[in-house]
Every structure is written in C-alpha cells, then in structure tokens.
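**Student:** Curious how this folds, go ahead:
(4 chains)
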Amino acid sequence: MTLSAHDTTETRSRDELSETTSSEAAGDEVTSSELLTVHSARALAGRNVVFAGHGLPTLAVSLAQHTVAPDIEIVYESGVTGARPPAMPRSISDSILVPGAASVMPMTHLFNYVLQGQRIDVGFLGAAQVDKYGNLNSTLIGENWEHPDSRLPGSGGAIEAMAGAAEIFLVMRRHTPRTFVESLDFVTSPGPKKAAEAAVGSMPAGAGVTHVITDMGLMTRFAQDEELTLTAVHPGVDPAEVVRQTGWSLQVSPDLETTLPPTPGELALLRETLDPARIYLR
Amino acid sequence: MTLSAHDTTETRSRDELSETTSSEAAGDEVTSSELLTVHSARALAGRNVVFAGHGLPTLAVSLAQHTVAPDIEIVYESGVTGARPPAMPRSISDSILVPGAASVMPMTHLFNYVLQGQRIDVGFLGAAQVDKYGNLNSTLIGENWEHPDSRLPGSGGAIEAMAGAAEIFLVMRRHTPRTFVESLDFVTSPGPKKAAEAAVGSMPAGAGVTHVITDMGLMTRFAQDEELTLTAVHPGVDPAEVVRQTGWSLQVSPDLETTLPPTPGELALLRETLDPARIYLR
Amino acid sequence: MDKTMGLRQAISTYLSDGDTVALEGFGHIVPVAAAHEIIRQGFTDLVLARMSCDVIVDQMLGANCLKGLISSFIANSSAGSLHELRRRIEKSDPEPLWFDEYSHGGMVARYQAGASKLPFQPIASYRGSDLAAKNPRIRSVPDPYGGSDIHVVPALNPDLTIIHAQRADIHGNVQAWGMLGIQTEAAFAGRRLIVTVEEIVDEAVVRSDPNRTIVPAHVVDAVVAVPRGSHPHSVQGYYDRDDEFSRQWSALARDAAAVQNWLEINIRGTSDHDEFLATLGSDHFERMAIHDAYSTPVNYGGRA
Amino acid sequence: MDKTMGLRQAISTYLSDGDTVALEGFGHIVPVAAAHEIIRQGFTDLVLARMSCDVIVDQMLGANCLKGLISSFIANSSAGSLHELRRRIEKSDPEPLWFDEYSHGGMVARYQAGASKLPFQPIASYRGSDLAAKNPRIRSVPDPYGGSDIHVVPALNPDLTIIHAQRADIHGNVQAWGMLGIQTEAAFAGRRLIVTVEEIVDEAVVRSDPNRTIVPAHVVDAVVAVPRGSHPHSVQGYYDRDDEFSRQWSALARDAAAVQNWLEINIRGTSDHDEFLATLGSDHFERMAIHDAYSTPVNYGGRA
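**Tutor:** Coordinates of the predicted model:
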C-alpha cells in the first residue's frame, strides 16, 4: 500500500494532523498538513501521471490540477484512475473513489502494466526511515528482523512504486534524527544506488527519491550517486537546526532558499474547494 | 486458433461438408458431418469443460448437453464461455457468441488461466497430419520449413490446448495415408511422448490425443507411450482398409467393435434443434 | 449445475486443518463472513494468504486458526495497527508465526503464476531490497536475452480460495465491479474455490453483461449467498464500509484478552452470519447506506 | 487533455517507416481503417505484429508495407487462405518475408511481458514443439524451485500499437465489450498508442461505468473517431461482420494482380475511410445490421 505520510504508525498521525507549523510568515493558522500539501503540489509542475495514497498526496494532486499541472492524473493503488470523489477518500481502497472515475483496473494491470510498466511520472511515498540516498524503510524498527522492536506495515506497493516510477516524492511529517538516518534498520524500497550495488535483479527504471518535503523544508537529489541536499527551508527555520535533526552529515545547497509560504489562493482552494469538510486538513 | 476439422485447408472443407458417409446402416441421408458429430458427442460422456472451435465441435458439445453430458460447458478461444447463440456461430470469434453468454474473458485469462491453467477436460483439435502417438501438424506441408510446399494456418492456440487440456479429441474428416503419417512434416502440437523426449520445457499436463474420430472409425490411446489403436469401425467399413489408409502399421484392437449408427433421436436433435438451418450440417 | 450451498457446509466441505487458504479482497468485497465461519468451526494450523491485511487477520490469529501468513501489507488499512499480529511477530506472543513476506507486486506475481500453472513469475522491482535478502523464496533466473538476472517469486496455489462478490448465478458465474483487487487470479490459483455473494441472481441478469463476469462457473466449487458478507468492508452499490469498527478494533486489540472476549461473544457466541449481524442492531446498516449511481447500459446486440 | 485527432494525422504523426506496429483485435473491433490509412500513406519496411491474421495482412503485404510479420495464426479466419501471405512464405514472391512465428499463447505472453516491462515471460506449452526448435527467440531458463527448465518468449514492445474500440472520451479512456482479445496488453506494450473508436462519447458516459474501461487515458497518444472502422469485422452492439467480403478476398487474392487492382481502386483510390465506405454503397451496411440487447445496469453507488 502506498504509505501516506501519516500511515506508518498510527499513533504519530493523529497528533500531527492537528499540529500547526512554526512558520510565522505563513500565519499561525496554516497547518502542517497544509504546508506539506502546498509544497508537494508545487513540485508536481510538469508531471502528468502520479501514483499516490489518500490524504495529503491526493490533496496535493488536486491542488496541482487547479494550479501548476491542470492535466495531471492520479492513479490509486486500488486501480482507480481519474477519480472524482464527492468527498475526501478515507483510504486508497475507499469505494467513494469509484463512482464517476475514469477507470478501475484489476491489480494485475496496476502492478504489472502501470507500475512495473513504467507509466508513472511521480510516486508519492512515506516511510519510517530514509537515508541520504533516498532508500526507504517501511518494514520494521530494530536490529532483529525476526523479532523487531516495532513491526511496521511493510512494503505494500512501495517497492514497485520506487522501482517503476520516474521519480519518487517523499513526504515526511517530522524531520528528526530517528527518521532521517545514517543507516536504515531495513531497506524496504531501495533507490537506484542501492539497487546498483546488489548482485542480481533488474535495475529500477527511475531516479528514486528526487524530492523530500518535510515540516522543516525541502531536499532534492537527481543523480544515482547524489545525496539528498537541503535546497530550501520554510520561513523561520534555521538551516543549522535541519542539519542537527538529520542523522547523517546533511549537504546544504550553497543556493539555499526560503520557501514561499502558501498563498491565499492555494489555501482558499484547499480549504474551500478541495477539503471543505476539513477531513484531512484538521 | 482451434482448428475445426475443416479449417486446415480451405479447399478440402467445402467438398466434405456435403459428402455423405458410406455407411449403409446409418441410412444414406446421414452426412459425414453428422456421423463425426454424433461420435464426438458420445465420447464426451463424463467430461465437464471443453475447449472447441466452431462447427463440428460446437455441435458435438451441444448434442452432448442434450444427451450424455447435460452439464458440459464449452469454452471458445475468443474467451467466451457459456455461449447460447441464437444461430450457429461462423467462427470462434463470431460476435453472435457473446449476447447471452455467461462470460467473456480477455486472452490473458483464456490462455494463461484456463488453458495453461489446466482447467480444460477435453480440447477438440483438427490437424493436417497426425502420427501414431497423436502428435499433430497444422503448420506446413513439405521438407523445407522456410519455403514449404503448402503453408498452413499454424498453431493458433493448438499448442496450448494440447499441453494444457486433460485430453485431446482429434477429428479427422478423411482418413488417408497423407493425413495419418509415419512422420510429421512439422510437429506443431506435441503429445506427451514427444514432449518427454525433448531436452527442455515443462511437461504437458494432459494425456494428449486420447480419441480420434474419422470417417472410417474410432481410435484411442491413453498412456504416454501407447500408440493409437483402432477400436471401432463404422458400419460397413473394412478394418483392413483402415489399416491400408494409415501411414504407419496401425494397431487394431482384438476387441474391435462396430460403431452404433446415429440414432433417430440424435439426428433429430442435430437437424431440428441444434442446426435447423443446416448451416453446418449441409 | 447448481453449486449453491450454505456457508457452514461450504467451509466444512472444502477446508481442512493445515490448508493454505487465500482470502482476497482489497478493502472492498472481502469475504469477512467466511473468515468468521472458519473461526466458528475451529480450524487450526492454517496458512492465510492475504495481500492487504485487516481485522479478519487479527481475528483469525486471536482464534488460533493460523500457523502462518503470506502477505505484503500488515497494517489495518489506515485505521492503525493489527496488534494481535504485531504481538505474534514482535514477541512470539502467544507463539511464533511463520511470515512469508512480499510486496504487493510480488503477491500479484505469485497469484498470477499460480493461476497460470507456471512455477514462478519474474518481477523487476526487488533488486537491492532487504525483502529479497530476507525471504529465501525470492530467487532469480538468468535472462537468456542478455539482460541482467531477474528476480522471480514462486507460484501461489492455495488449497482453498475464498472471494466475495456482488452477485453470481447458481452455476457460479461471478460478477463484481468497483475495486477488483487480485480476486480473479486468486480464484484461478486456488485448488478449490468458494465464492460468497451479496445475492444470487437469475442467470439472465448475469448473461445480459458477460464482460462483467470476473470468474466463470467452471472454476467455482460453491456459491454461497451471504448478504452483508463483507462488513465492515464495503460492497460497491450495496453498502459502505464501517470505519468506526475498524478503528475500534485497532484500539480493542491492544489487549489480547479483549480480543478473546470479542471473539467469544461475537463469533463463537453466534451460530452464523445472520446472528452476528443481528448483534449489530437493526439500525446498524443505516449508517452504511449508499446513494444509487447506475451504469449506462451498453448494447451487446449482434446478428439476430 | 483533448487527444482527439484525425486518422490521417494520427498515423502520420505516430508511425515511421521501419517501425514495428501492432494491430490487434481478434475477429472483432479490428483497426481496419487504420491499416488502410497506413497503406494510403505508403509506409514501408514495417514489421506487423498481429496474433490472428486476416484480410488486412494480405492487403498490407500487397501494398508492400511489410518486411516482417509476428503472428500465431496466418489463415483468413474460417474464410480460407491469405494468398498474398502464402506467396511470400512459400515462394518468396515477390520477395522474402521475415516471419517470427509463435502460438497464440506465445503471443499473449510476449505482449504481457512487453506491457509489464519484463524481458521475457515463461510459457509451459512449448516442450517438444518444432516451433520452439525453429524460432531462435524462443529460449529457456532454469527453474530455481527445482522443476525442469522452462521456455520463455521475449517481450514484444511495438513502436506503435493501434486498437479499435466501441467508444472513448476525448481524453482517451477507452471502453470496449464483447470479445476483447489481447488489446489491453498490446496497448500497454506499445511505445505509442492510437485508439480508433466507433464514437467519442461524453466523459459522463465513460465515467458511469469505470470497470468497462480497457485502457486508461494516460496510456493513449491519440483518439480517433472512425465509425465502421472495423469493417469487414464486427463491432459488438454496432454492426455485424461481412463474411461475404472475407470469403471473396480469399478468392480474389489467389491472383496477385487482382490484389494490386483492388488496392488501387479501394484504398489508394479513396482519400479516406469515409470515401472507402461510400464505394461500398449506401445500403451495404443494411446486411450488417444488428438487433439491440442492452446490459442490465449495475449500481456503482457509494457513500454520498
């Protein structure tokens, strides 16, 4: 299952949905969800086909449709394309996605022909841990794989999204040294550098994680051997704090920027048009 | 494409459709098509799922449904199951098969899950040549594979039917030394003995050709290394003539029987219920 | 051939202790009532194949039906964790669980190979994943066309597959719409197949739309009418899902004793699915009501 | 995104000399008008992929469009032989044809691997067949689970795939019913995809029945409205097939000069499909009329 950023552990998501950003510039009524959604949407400019989970990625794609990428299409792991649900779906397998959708594919088509078939421009993923090359862990926390300290949901379709999509956008709600780690407890979804180091198997088709959107700022990487680089911080965030909250020696762009806060137009779209019931934007 | 017995070459089929059997006992109004259809239907007793082409095999299955195998179901190569066409289909891809059918499967399901998936009890095939072990040629006549004397339609799904069905019933309209041969010009669809002699590949799931129905009589074989044995001749047919018309030294059963002619009930069903327009039973 | 049967009889006829049983359905048309009946009949040592886990996995674990699990996602959808499952994996509490883990793509490939009677299916996505390192059943073959070696996963052929659908005729021609998951492949991969449906309909309904059939009759062993058989999951066009129950389960199952208590009252304490539904209260499904949205008919006409 | 386009422009935009082009459709919803447009535009050195051959293969051969053929059945359905094709294979007349031959199961597997971006697909049926001995592209891999080596066929990824269907919306969500053949896999396997349809419909029609969509919009490059685009093959719910034409073709094509004459008058002598249809006479399609048989609508309703 595509991990929405808040799916990885249940306890984390509840709190964070109502958490507000520390950014003064964005106004204290801008929630963390809104901030991450807006920056995810902006990163979708020029992309056409997105594989995404419910919640934040769904909202980000909807916002992009209204702003930077009018023709962008979302594909859900449940096989639904072109969904136009009357209300926010509660999961990627919510039946509300189906009435009025453009197509519902069986799993064989979705996993074989669309994901492995390299039809996706951007896959949204979440993870419990990410390392400097964008390798992801959504399987377990702990040393002992047979008896982990904490057993997480596992891959779902994350491995296939990572291998088949041209790019992966990673949304991480909380940037901490426990989530941005030097070494993953388990490599669920390897990026192309890790894949290249392995002895057997097909090389992934895409670039792996190219964008990371967090509560502190934005990171990017594009080449196989490139590390994630901090390219922007949200207004009021100290880049040194981002480095401290990262479990490896984080590269900071010499052209580090400060993100533009959500515009009134973006916020109005999110709040009044896309999620008026504020199911997700609590 | 499943070869109906008359599909192999176009020139042969026209004449033979109107040809009458030499059997006195069956009455001289019994056509060759009717004779072959009745004996094919009788051989279907106890079988449930049949893979068949249009024409004779379709009629045989319909007749079996009304007589020896009420629950038997026919699967067409076009993916249609449970067809109830208002008139005889003109080919396995005739759209007349679809309205009122129980299902239409895409080719991936038909070839992967039904045929290779070993869901078929009996597959009906025809061929240009058959040898003593029931290996079939529907590809070419001649020595030079690149430039054959006569290029035939090729496998279609015959290879998959042979490999996946529990049994194959072979219908041969004309029993001659040119069609019942010592050595095939090309092994299109190998039986299990030929397959076992090959170096690589999965062994076929079924027994290969178990029944051959011809204008002269019936042959059977059941074990991998068993040759086709003449088990019955049609009334009035001299077994020695069958041996002469066979390109190998044909084994004749010590318990050779004479087939029971089509009954008035069988003929009435064929002519009045199943093919009243006599599209096929000309 | 009339293949209709009661749920109790279908399960007792086609399932045996120690079997591998696939229960598929991806958050929609899930054979929940069938899972409950397996619990009621006290089957043990089963291996459950289920791509995306949910409450029924926790319930079957709590009822000690399972010695193993074949899966690719083991959370309770977006409702939280499956704590009975986590206790088994994290602490072997009350005992160890054999867990054969894949990604969704790997499970799709396993069912596809099983349905196709192939020994394995190639998959392109496992290079560099610890999942491939951890699971000895994920292997590789050379590419005879000159590419790199490619991973393969083995065929999955459950002893019994159970799926749920909107409708079928008495012969077992099964029709479903909305999200279809891996049900067709799981059905063909199974050595035996039970289909539970919201309703058994006249075959004229099925035959008016043959492309809607997801499993043809000849693959089906038993057809069982089980209205609301997918609850708390949804059935498109019939009822919505019960998110409240799924969330409550993730809270309840933190306590192993509460799981036992729930099973005792709700499953073992009810004789069948109808009695189970009755315990929910007569107005329970009002919350799960749906609006109507009918498809535009298509013309299947041909030569008259 | 509006992907509608005229047939002439679609073919000239997405096809190049030397391409491998797949035209699929199994005796039903066949892209015949597109094949004729390829002939009109005079493309050469194409390799045609087509599981089950028919008159358009003979016509494209006669027009010298093809240097190669990838196929698994090369008769004219049940109507007889394809004599242009037989002359090429039997006598290299007027020149040799590269013929890459499989069974239907092998073609299905090749398209499936192509759609799935796998290098190959295993197939169980080729042991002992001379087809495997003759074709060097049919190979084998070991079974890492202990079985015997198994045959594999290579992925087929046409440069361009063309399919025909009943309807699509302007974005390219394609809906078809009746016999579906290998169209979905051929569509996904293609590097480019043109879909010709009987009619372009309002997207509300498509969206009332999303399970009916066989190819989603994001795979499609061009959608072309070509009424009667499958003639002489049938389109379920639209028109019947023209068996008389198919039979006449097998007689006509015994004479190579007659093929040239037919092409000159009917294809090169007409500027487009409408003009081609006009030559058939205004009452030609009365013989191909069908009766109506509408599907029972299903309820797609969900939470309001």
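**Student:** Assign a three-state SS to residue C:186, would you?
**Tutor:** Three-state call for residue C:186 (DSSP: H, G, I helix; E, B strand; the rest coil): helix.
**Student:** List, one by one, the residues from the stretch 151-300 of chain C near chain A.
**Tutor:** Within the stretch 151-300 of chain C, the positions near chain A by Cβ under 8 Å from any Cβ of the partner chain are C:151, C:177-182, C:184-185, C:234-236, C:240-241, C:243, C:250, C:293. Every residue, glycine included, has its C-beta placed from N, CA and C.
**Student:** and residue 199, how many neighbours?
**Tutor:** The chain I'm using is chain A. By other Cβ atoms under 10 Å in any protein chain shown, the residues close to residue A:199 number 9.
**Student:** could you do chain C instead?
**Tutor:** For residue C:199, using other Cβ under 10 Å, the count is 13.
**Student:** now the one 4 residues further on
**Tutor:** Other residues within reach of residue C:203, judged by other Cβ under 10 Å, total 18.
**Student:** out of everything not next to it in sequence, what's closest to the residue in the stretch 101-250 of chain C positioned nearest to chain A?
**Tutor:** Across the stretch 101-250 of chain C, the shortest distance to chain A (Cβ to the nearest Cβ) belongs to residue C:127, at 2.8 Å. Distance criterion Cβ to Cβ, 6 or more residues apart in numbering or on different chains; nearest residue to residue C:127, sequence neighbours excluded, is residue A:201 at 2.8 Å.
**Student:** and residue 91, what does it touch?
**Tutor:** All of this is about chain A. Counting by Cβ atoms under 8 Å, 6 or more residues apart in numbering or on different chains, residue A:91 touches A:54, C:27, C:77, C:78.
**Student:** switch to chain C, that's the one I care about
**Tutor:** Residues near residue C:91 by Cβ under 8 Å, 6+ apart: residue A:147.
**Student:** wait, is residue A:109 part of a helix?
**Tutor:** Yes. Under three-state DSSP, residue A:109 falls within a helix.
**Student:** how far away is it from residue C:69?
**Tutor:** From residue A:109 across to residue C:69, the span is 26 Å (Cβ to Cβ, to the nearest Å).
**Student:** that older thread, was I right to think the residue nearest to residue C:127 contacts residue A:192?
**Tutor:** No. Contact criterion Cβ atoms under 8 Å: residue A:201 and residue A:192 do not qualify, at 11.8 Å.
**Student:** Pull the contacting residues for the closest residue to chain D within the stretch 101-250 of chain A.
**Tutor:** Proximity to chain D, evaluated over the stretch 101-250 of chain A using Cβ to the nearest Cβ, is greatest for residue A:103 at 3.5 Å. By Cβ under 8 Å, 6+ apart, residue A:103 lies in contact with A:79, A:80, A:81, A:82, D:173, D:210, D:211, D:213, D:216, D:217.
**Student:** could I get these as CSV with secondary structure and pLDDT?
**Tutor:** Output for the contacts of residue A:103, formatted as CSV (DSSP: H, G, I helix; E, B strand; the rest coil; pLDDT from 0 to 100):
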residue, secondary structure, pLDDT
A:79, coil, 97
A:80, strand, 97
A:81, strand, 97
A:82, coil, 95
D:173, coil, 98
D:210, helix, 98
D:211, helix, 98
D:213, strand, 98
D:216, coil, 98
D:217, helix, 98
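**Student:** wait, does stretch C:110-122 contact chain D?
**Tutor:** Yes. Counting by Cβ under 8 Å from any Cβ, chain D is contacted by stretch C:110-122 at C:116, C:117, C:118, C:119, C:120, C:121, C:122.
**Student:** Check the burial of the fourth one by counting its neighbours.
**Tutor:** I take that to be residue C:119. Using other Cβ under 10 Å, residue C:119 is surrounded by 19 other residues.
**Student:** Wait, it touches residue C:157, no?
**Tutor:** No. Judged on Cβ under 8 Å, residue C:119 makes no contact with residue C:157 at a distance of 10.6 Å.
**Student:** Check which helices and strands the helix or strand encompassing residue A:33 sits against.
**Tutor:** Element membership for residue A:33, per DSSP states H and E: helix A:32-42. Helix A:32-42 sits against helix A:10-17, helix A:56-66, strand A:167-172, strand A:209-214, helix A:264-268, with contacts defined as 3 or more Cβ pairs under 8 Å, 6 or more residues apart in numbering or on different chains; DSSP states H and E.
**Student:** Now with 6 Å, please.
**Tutor:** Applying 3 or more Cβ pairs under 6 Å, 6 or more residues apart in numbering or on different chains; DSSP states H and E, one finds that helix A:32-42 contacts helix A:56-66, strand A:209-214.
**Student:** quick one on the thing from earlier: quick one: residues contacting the residue of the stretch 101-250 of chain C closest to chain A.
**Tutor:** A:195, A:198, A:201, A:202 (Cβ atoms under 6 Å, 6 or more residues apart in numbering or on different chains).
**Student:** Surely the first one is in contact with residue C:130?
**Tutor:** No. Taking contacts as Cβ atoms under 6 Å, residue A:195 lies outside contact range of residue C:130: 12.0 Å.
**Student:** So for the two, which residue has more residues nearby?
**Tutor:** Taking other Cβ under 10 Å, residue A:195 and residue C:130 do not tie; residue A:195 has more neighbours (24 against 21).
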